[in-house]
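[1] all I have is the shape, not the residue letters:
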């Protein structure tokens, strides 16, 4: 069934699909960052795909000079019971990418969490603010260059 989905994506979005990988029965499709909303809308609305549930949006720090960050979308089709993973790359010099909350409103909090931990800015998100860290905190804890012991005196801690 996923081969049909991949073929349809390659047919409709030939310039948007950068790579397709399969590893241990899981399919990952790398998508051009600018086209992620169009691809997601197609995957949700096309009856033969019907990916109507975005189970997670998360980030990863590859710590590479180009395309340092990845945004990963884990999608599930309730109708066909299959999963797919989409991945876009975000360069450190341009931390912006489109939000998919217009496609799946449930992506709201996972996008906020990715913003809070990696600093990736989701354009079009209606409430992009920090979830775990204070708003004035200037660091992003899941980046690989963040010190393992934290930044001394960056957050006032309660006294014992």
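    Done, it's in. Keep in mind the model is a prediction, meaning the values are calculated, not measured. Residues are numbered from 1 along each chain as shown.
[2] just the helices in the protein please.
    Here the chain has its helices, by DSSP state H, at 2-12, 36-45, 108-118.
[3] centre of the chain to the shortest one, how far?
    Between the mean C-alpha point of helix 36-45 and the mean C-alpha point of its chain there is a distance of 14 Å (Cα atoms, centre = their mean, to the nearest Å).
[4] the helices of the chain: which one's closest to residue 26?
    Closest of the helices of the chain to residue 26 is helix 2-12, at 9.7 Å (criterion: Cβ to Cβ). For the C-beta atoms, the positions are set from N, CA and C on the backbone; glycine is no exception.
[5] what helices or strands is that closest one leaning on?
    Packing partners of helix 2-12 (3 or more Cβ pairs under 8 Å, 6 or more residues apart in numbering; DSSP states H and E): strand 17-23, strand 26-31, helix 36-45, strand 82-90.
[6] quick one on the thing from earlier: can you add mean neighbour count and give the helices of the chain back as a markdown table?
    Below are the helices of the chain laid out as a markdown table (neighbours: other Cβ atoms under 10 Å):
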| stretch | mean neighbour count |
| --- | --- |
| helix 2-12 | 14 |
| helix 36-45 | 18 |
| helix 108-118 | 21 |
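[7] so who does the residue most central in space within the chain touch?
    For the chain, the residue nearest the mean C-alpha position is residue 71 (3.0 Å; Cα atoms, centre = their mean). By Cβ atoms under 8 Å, 6 or more residues apart in numbering, the residues touching residue 71 are 57, 58, 59, 87, 88, 90, 97, 114, 120.
[8] and the helices of the chain, which one's lowest on average pLDDT?
    Lowest mean pLDDT within the helices of the chain: helix 2-12, a mean of 91.
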